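*Asks:* how would this look folded up:
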Amino acid sequence: MAAHDLTATSEKAPATVLGLGLMGTALATALLKAGHPTTIWNRTTSKTGPLAAQGAAPADTPAEAIAASPLTLVCLTTYDDVTELLHPHTTALAGRTLVNVTNGTPVQARKFAAWAEEHGIAYIDGGIMAVPQMIATPAAFILYSGDQQAYETHRPTLAALGGTRWTGTDPGLAALYDLSLLTGMYGMVMGVAQSFALIRSQDISAQEFAPLLSDWLTAMTSGLVPGTAEAVDTGRHLTDVSSLAVNQAAFPNLLATFADQGVRGELFDPMRQLLDRAIAEGHSADGLSRLVELLRA
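*Replies:* Residues are numbered from 1 along each chain as shown. Presented below is the predicted three-dimensional model:
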């Protein structure tokens, strides 16, 4: 099947998706459902079949796929994969917009943006804040940074994938926001994993315990996140809620209980060290927000 021609008539702008892993497939599916003529390419051609059945146009080569649309989205595993795929196709990409939603670092995004600018490619870096099943639902949003004019031009198409959040013209900002949000998520994952390991040490059902844990985390984060943000931005860390001194005194109870219950505690050892350092540096009356400052190199 031939790729879509740019001259094809459609109410919705055409788009190309390179890379049909779970996320790339979800992106292409969302574009199709929103009515966008969608050209697809994947190194393993068998992955194009289900999307072709939905109306996507498989391309034989990356260059053919890129030429089919003014907008190309690339979703691969690493930036090295993106570099290997796209660097030979600067001629096809020139004068078009490339949106790279491959997970990477701010430094990688800025380096890739510089390469794109050198070759006349409008570059937008993206950070997907969703799992594939969430794409095109109200819960999904994607962070974007880089070429703002290109972003505004293609925003109606990008909106088919989920909420659009512009972070700025620095190409590295989407990745910075992305990784900062993932940092919070992984911290939560570590806490939840440790919590379940501890409760299960007494042969208590994790499913029985889960509603209590969920309610507790929801209640705590609703105040913790905005409260910490205000303290960090204003530099006012003194608290009458729960001081670092109180937390340092209580924290050994966690570590002792882990040991008593046969649960490994290496996820929480760094927190104890950070609390000890905070007290040693004279911050005993401050709240936990002070730890943000201590983490900055």
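
*Asks:* ranges for the strands of the stretch 101-250 of the chain?
*Replies:* In the stretch 101-250 of the chain, the segments counted as strands under DSSP state E, counting those that start in this stretch are 122-129, 141-146, 163-168.

*Asks:* Okay, buried residues for the second one please.
*Replies:* Judged by neighbour count using 16 or more other C-beta atoms under 10 Å, the buried positions of strand 141-146 are 141-146. (Glycine included, C-beta is placed from N, CA and C.)

*Asks:* quick revisit: got the strands of the stretch 101-250 of the chain as a markdown table, with distance to R296 and mean pLDDT columns?
*Replies:* Formatted as a markdown table, the strands of the stretch 101-250 of the chain follow (distance: least, C-beta to C-beta, whole Å; pLDDT from 0 to 100):
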| stretch | distance to R296 | mean pLDDT |
| --- | --- | --- |
| strand 122-129 | 22 | 98 |
| strand 141-146 | 22 | 98 |
| strand 163-168 | 21 | 98 |
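
*Asks:* can I get the ones you listed in JSON lines with distance to E266?
*Replies:* Formatted as JSON lines, these follow (distance: least, C-beta to C-beta, whole Å):
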{"stretch": "strand 122-129", "distance to E266": "29"}
{"stretch": "strand 141-146", "distance to E266": "32"}
{"stretch": "strand 163-168", "distance to E266": "34"}
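
*Asks:* Go through those strands and name the closest to K111.
*Replies:* Nearest of the strands of the stretch 101-250 of the chain to K111, taken as C-beta to C-beta: strand 122-129 at 10.7 Å.

*Asks:* Run the chain-centre distance for that closest one.
*Replies:* 10 Å (C-alpha atoms, centre = their mean, to the nearest Å).

*Asks:* Return the residues in contact with F251.
*Replies:* 268, 271-272, 275 (C-beta atoms under 8 Å, 6 or more residues apart in numbering).

*Asks:* Next, count neighbours for the residue nearest to Q194 when sequence neighbours are not counted.
*Replies:* Spatial nearest neighbour of Q194, chain neighbours left out: L267 (5.4 Å); criterion: C-beta to C-beta, 6 or more residues apart in numbering. As a burial measure, L267 scores 16 neighbours (other C-beta atoms under 10 Å).

*Asks:* again, but for P14
*Replies:* Neighbour number of P14 under other C-beta under 10 Å is 21.

*Asks:* before we move on, the earlier item: relative to D170, which of the contacts of F251 is nearest.
*Replies:* Using C-beta to C-beta, the contacts of F251 come closest to D170 at M271, 31.9 Å.

*Asks:* so which strand or helix has the closest one?
*Replies:* helix 269-280 (DSSP states H and E).

*Asks:* who's in contact with that helix?
*Replies:* 244-245, 247-248, 251-252, 255, 284, 286, 290-291, 294-295.

*Asks:* Buried ones in it, by neighbour count?
*Replies:* 271-272, 274-275, 278-279.

*Asks:* Could you provide those residues in CSV, with additional columns for pLDDT?
*Replies:* Shown next, in CSV, are those (pLDDT from 0 to 100):
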residue, pLDDT
M271, 96
R272, 96
L274, 97
L275, 97
A278, 97
I279, 97
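
*Asks:* mind showing which ranges of the chain have poor pLDDT?
*Replies:* In the predicted model, the chain carries pLDDT under 70 at residues 1-10.

*Asks:* Would you map out the domains in it?
*Replies:* 15-170, 201-295 (automatic domain parsing).

*Asks:* of all those domains, which lies closest to Y177?
*Replies:* Closest among the domains of the chain, using C-beta to C-beta: domain 15-170, at 4.9 Å.

*Asks:* Quick one: end-to-end length of the closest one, please.
*Replies:* 24 Å (C-alpha to C-alpha, to the nearest Å).

*Asks:* gap between that domain and the chain center?
*Replies:* So, by C-alpha atoms, centre = their mean, the centroid of domain 15-170 is 15 Å from its chain's centroid.

*Asks:* same thing with stretch 196-207?
*Replies:* The answer for stretch 196-207 is 30 Å, by C-alpha atoms, centre = their mean.

*Asks:* List just the nearest of the buried residues of helix 269-280 to L31.
*Replies:* M271 (43.4 Å).
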